[in-house]
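J.: Next comes the sequence, and after it the predicted model I'd like to discuss.
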Amino acid sequence: MYLLQNLQDGPLGSRSNSASKQLPRGGSPLAVNLSYSGDICPRLWRSGLGVEVSRKPATEVRTSLYRLYGLSSLDEAVQPKYRESPTFSSTAVTVGDRPAVLIAGTTPEKIVSWAGVLAGLTGEEVDLLNTTAAAVLIISSASASSIPAIAITQNGQRVRFRDPDSDLDSSPVQPEGGSETAWALTYGMGFQLLDQAKVDGGFGQRVAIRSADPKDLNSVTRVTLDERSRVERSSIPGGAHLRGFGVGDLGELVTRLVASARITGLSTGDKPIKVRGADALSVPLSKSPTILVEDLDIIEALLGAEPASVELGLLEQLVLIKDAPLMARLDQKLITAMGTTNSPPLALSWPHERIEENGTPTSFKIIGNGRNEAQDGTPELSDLLPLITELPHAQQADELTRLGIMLFGESPHQVALFR
């Protein structure tokens, strides 16, 4: 037994401290009891005494959070193949005072993909199996507190109910969904369970744009929209302004943002936290059901705030849309505007930076419509619209995708300046 007592004003700079260190005969520490009062240098905890500091259990845990929309029941946010799978269960629950549904399970076991390779190399059969665990907790938003948790099938039709003890609501769930919003907290591979058509794209990035310290951005992921799409991720661990990442070139779309942030009212307090925002938001959330619901309300309110800076706000002007039905509706709005005489929202825009680098165009060709003749000048909106609006309505969207423009210099026989 070795005993250290009354380490007063020693090299560790402590006052009225005592420690006992019990060693086995072999010299390895078995246990250490340490008591102290006053200030003690942190080096004491790392001085080889084997002291373990008991930490207060964390009240928050980092969570992947998605915002959902267009729901008529909470479980509608999950793909049908998982809702109907015998290996996944759906349970109506309550989180705080909100209706919620927990969907959890595992994928069916299947042999590992590399088993055949090893069998071919060694002549030995490899019968190892893989399975994936996944769970998603879907909680209604404050504005949708009466949304049913689960829709069940009755007489061959999905109908809604609020909890297992309530009467069935005979009103059918519409195939196109409803208008309610909700939150999805995913665990394991739970994000793969979600129906992407119900996921609010770019939600996490919008929160990051409104809460981030504009001078302490750590990582930016961007997609360059060109003939060949390119994805780049830039990281500055020490943090930097958006300008430090070189963002702002023509045709760049920022899809993910990592930064230090402060979210007033969140259960983490006023201390800076790290937020990662893309379609999902990765942020510490409370483990308490009641406080978790309050955290979600704080985040929802933050979506209505102004961006943290003008520069960060510019990132929202170009958004990647993954919702196929939404894209189809936007295409129809464009077709309608093209058929309207002197439509105010319609204009033709040119990539002037590229043109200045390659020279001033003096002629152009419209490609994709079977015509190859070059025309003098630069194209106007009136050169393009008739090629689309004169077609039957059902063909206009496809024709809009096929058409392209090539710009030339002084002679149409030269190599195209831009396409």
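T.: Received, thanks.

J.: backbone phi and psi for S260, please?
T.: Taking degrees, to the nearest 10, you get phi -80, psi 140 for the backbone angles of S260.

J.: what helix or strand does the nearest residue to it once chain neighbours are set aside sit in?
T.: The spatial neighbour of S260 that comes closest, neighbours along the chain excluded (Cβ to Cβ, 6 or more residues apart in numbering), is D216 at 4.2 Å. The C-beta positions use only the backbone N, C-alpha and C, and glycine is treated the same way. Remark: D216 resides in strand 212-224, with elements defined by DSSP states H and E.

J.: and stretch 390-409, average pLDDT?
T.: Per-residue pLDDT values across stretch 390-409 average out to 79.

J.: Endpoints of it, how far apart?
T.: The first and final residues of stretch 390-409 sit 30 Å from each other (Cα to Cα, to the nearest Å).

J.: Now that stretch: buried residues?
T.: Residues of stretch 390-409 classed as buried by neighbour count (16 or more other Cβ atoms under 10 Å): Q396, E399, L400, I405, M406, L407, F408, G409.

J.: would you say the fifth one is within a helix?
T.: In other words, M406. No - note on M406: no helix contains this position according to DSSP: H, G, I helix; E, B strand; the rest coil, which reports strand.

J.: I'd like the numbering to begin with 13 instead of 1 from here.
T.: With 13 as the first residue, the last one maps to M418.

J.: Now V219: closest residue in space, sequence neighbours ignored.
T.: The shortest distance from V219 to any residue that is not its chain neighbour, by Cβ to Cβ, 6+ apart, is 5.1 Å, and that residue is L293.

J.: State the distance from the residue nearest to S272 to V243.
T.: With the distance defined as Cβ to Cβ, to the nearest Å, D228 ends up 24 Å from V243.

J.: for V211, same thing?
T.: The spacing between V211 and V243, counted by Cβ to Cβ, is 20 Å.

J.: Same check on G200?
T.: Using Cβ to Cβ, one gets 25 Å for the distance from G200 to V243.

J.: before we move on, the earlier item: D228 and V243: which has the busier surroundings?
T.: Neighbours were counted for D228 and for V243 using other Cβ atoms under 10 Å; D228 has more, 16 against 11.

J.: Pull up the per-residue confidence for the more buried one.
T.: In the prediction, the pLDDT value recorded for D228 is 90.

J.: ok, it - contacts?
T.: Under the criterion of Cβ atoms under 8 Å, 6 or more residues apart in numbering, the neighbours of D228 are G251, A252, A271, S272, P284.

J.: With D139 instead?
T.: Counting by Cβ under 8 Å, 6+ apart, D139 has contacts I123, A127.

J.: Which neighbours in the sheet does the helix or strand following the strand holding D228 have, and how are they oriented?
T.: Using DSSP H and E, the helix or strand that follows strand 224-236 towards the C-terminus is strand 242-252. Neighbouring strands of strand 242-252 in its sheet, by DSSP bridges, are strand 224-236 (antiparallel).

J.: Return the partner strand as PDB; C-alpha atoms alone will do.
T.: Extracted in PDB, the C-alpha atoms of strand 224-236 (Å, rounded to 0.1, in the frame of the first residue of the first chain):
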ATOM      1  CA  ALA A 224     -24.200  28.500 -38.100                       C
ATOM      2  CA  ASP A 225     -21.500  30.800 -37.100                       C
ATOM      3  CA  PRO A 226     -20.600  32.300 -40.600                       C
ATOM      4  CA  LYS A 227     -16.900  32.500 -39.600                       C
ATOM      5  CA  ASP A 228     -16.700  28.900 -38.300                       C
ATOM      6  CA  LEU A 229     -17.800  26.600 -41.200                       C
ATOM      7  CA  ASN A 230     -15.900  23.300 -41.200                       C
ATOM      8  CA  SER A 231     -17.000  21.500 -44.400                       C
ATOM      9  CA  VAL A 232     -18.900  22.200 -47.600                       C
ATOM     10  CA  THR A 233     -20.100  19.700 -50.100                       C
ATOM     11  CA  ARG A 234     -21.000  21.000 -53.600                       C
ATOM     12  CA  VAL A 235     -22.100  19.700 -56.900                       C
ATOM     13  CA  THR A 236     -20.900  21.400 -60.100                       C
END
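
J.: can you list the domain ranges for this protein.
T.: Using automatic domain parsing, the domains assigned to the chain come out as 14-58, 72-210, 216-329, 336-420.

J.: For the nearest residue to K227 once chain neighbours are set aside, give its distance to S321.
T.: Nearest in space to K227, with sequence neighbours left out and distances taken as Cβ to Cβ, 6+ apart, is H253 at 5.4 Å. Summarising the geometry, the distance separating H253 from S321, computed by Cβ to Cβ, is 9 Å.

J.: on that earlier part again, now the buried residues of stretch 402-421 in TSV, with distance to I115?
T.: Output for these, formatted as TSV (distance: Cβ to Cβ, whole Å):
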residue	distance to I115
Q408	41
E411	42
L412	39
I417	48
M418	51
L419	52
F420	57
G421	60
